[in-house]
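S.K.: A structural model of the following input is requested.
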Amino acid sequence: MGFWDWLSGRDSTPPPAPLPEVDPAPTEADIMASLAGVDQLIGSGTLPAVVRSRAARVTRLVRQTLPRLGSLGLGSYDSYSVVATATDYLPEAIGAYLRLPRDWADSRPVENGKTPLLLLIDQLDLLGATMEKIYDAANSTDAAALITHGRFLQERFGHPNAPVDLNMPQQPDQPPDPFNLERL
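M.R.: Sure thing, here's the model as predicted:
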């Protein structure tokens, strides 16, 4: 804004540029629909058995992890990876393979002596191992809480190696009764 603009009350600054539109995050329904699409490909018979088993492992791990995304932290890299695997990485890897003619994809080396089939298997193995690690991380919070609680209970109520007889109530140590002649 210049001096004359200020005096005259005119604002010569351009309006701010509009923010770019951002796609909304996939919903749980979007994720499940994407996994259902992969399940259809797995069950269609168009994929070799070695691919079907690896893809099924990835979808199983994603489904097991989805309810635990909150323990990973919403917006975390791991939770993003689970969603992206279900909605993008896995479907795209399988789709790229399926767009190739079968005889060519299964027999022609295209990178470092590997066929598209072997490249897809490597990608599925990587996705499976990553989803396994993320699933373990999602469960480790509750497992750590269980371990901590067990240590607390052990410190509070017992000794680590002492067996506890749950059928007999423990009698607290009592001082001798001076009027009980049988104890003397």
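
S.K.: C-alpha only now, for contacts and for neighbours.
M.R.: Will do.

S.K.: what element comes up after the helix or strand bottoming out on mean pLDDT in the chain heading to the C-terminus?
M.R.: When each helix and strand of the chain is scored by mean pLDDT, DSSP states H and E, helix 3-8 comes last, with a mean of 64. Downstream of helix 3-8, the next assigned helix or strand under DSSP states H and E is helix 28-43.

S.K.: Can you name the residues in contact with that following helix?
M.R.: If you take C-alpha atoms under 8 Å, 6 or more residues apart in numbering as the criterion, helix 28-43 is touched by 47, 52, 55, 56, 59, 83, 86, 87, 90, 91.

S.K.: ok, and the most crowded of these?
M.R.: Within the contacts of helix 28-43, residue 55 tops the neighbour count with 27 neighbours, counted by other C-alpha atoms under 10 Å.

S.K.: Just list the residues touching that residue, thanks.
M.R.: Contacts of residue 55 by C-alpha under 8 Å, 6+ apart are 38, 42, 90, 124.

S.K.: Run through the helices of the protein in chain order.
M.R.: For the chain, applying DSSP state H gives helices covering 3-8, 28-43, 49-65, 69-72, 77-84, 90-98, 102-105, 116-157.

S.K.: Residue 20 is nearest to which of the ones you listed?
M.R.: Closest approach to residue 20 among these (C-alpha to C-alpha): helix 77-84, 20.7 Å.

S.K.: doesn't residue 138 make contact with residue 65?
M.R.: Yes: Residue 65 lies in contact with residue 138 (C-alpha atoms under 8 Å); the separation is 7.0 Å.

S.K.: if we can go back for a sec, okay if I get the contacts of helix 28-43 as a markdown table plus pLDDT?
M.R.: Output for these, formatted as a markdown table (pLDDT from 0 to 100):
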| residue | pLDDT |
| --- | --- |
| 47 | 94 |
| 52 | 96 |
| 55 | 97 |
| 56 | 97 |
| 59 | 97 |
| 83 | 94 |
| 86 | 95 |
| 87 | 95 |
| 90 | 96 |
| 91 | 96 |
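
S.K.: Which two of those residues have the greatest separation?
M.R.: Farthest apart among those by C-alpha to C-alpha are 47 and 83. That separation is 23.1 Å.

S.K.: Can you pull the poorly scored residue ranges out of the chain?
M.R.: For the chain, applying pLDDT under 70 flags the ranges 1-14, 159-184.

S.K.: redo that, cut-off 90
M.R.: For the chain, residues meeting the criterion pLDDT under 90 lie at 1-29, 44-45, 68-76, 138-184.

S.K.: Tell me the spatial nearest neighbour of residue 57, not counting adjacent residues.
M.R.: Once flanking residues are discounted, residue 57 sits nearest to residue 128: 6.5 Å by C-alpha to C-alpha, 6 or more residues apart in numbering.
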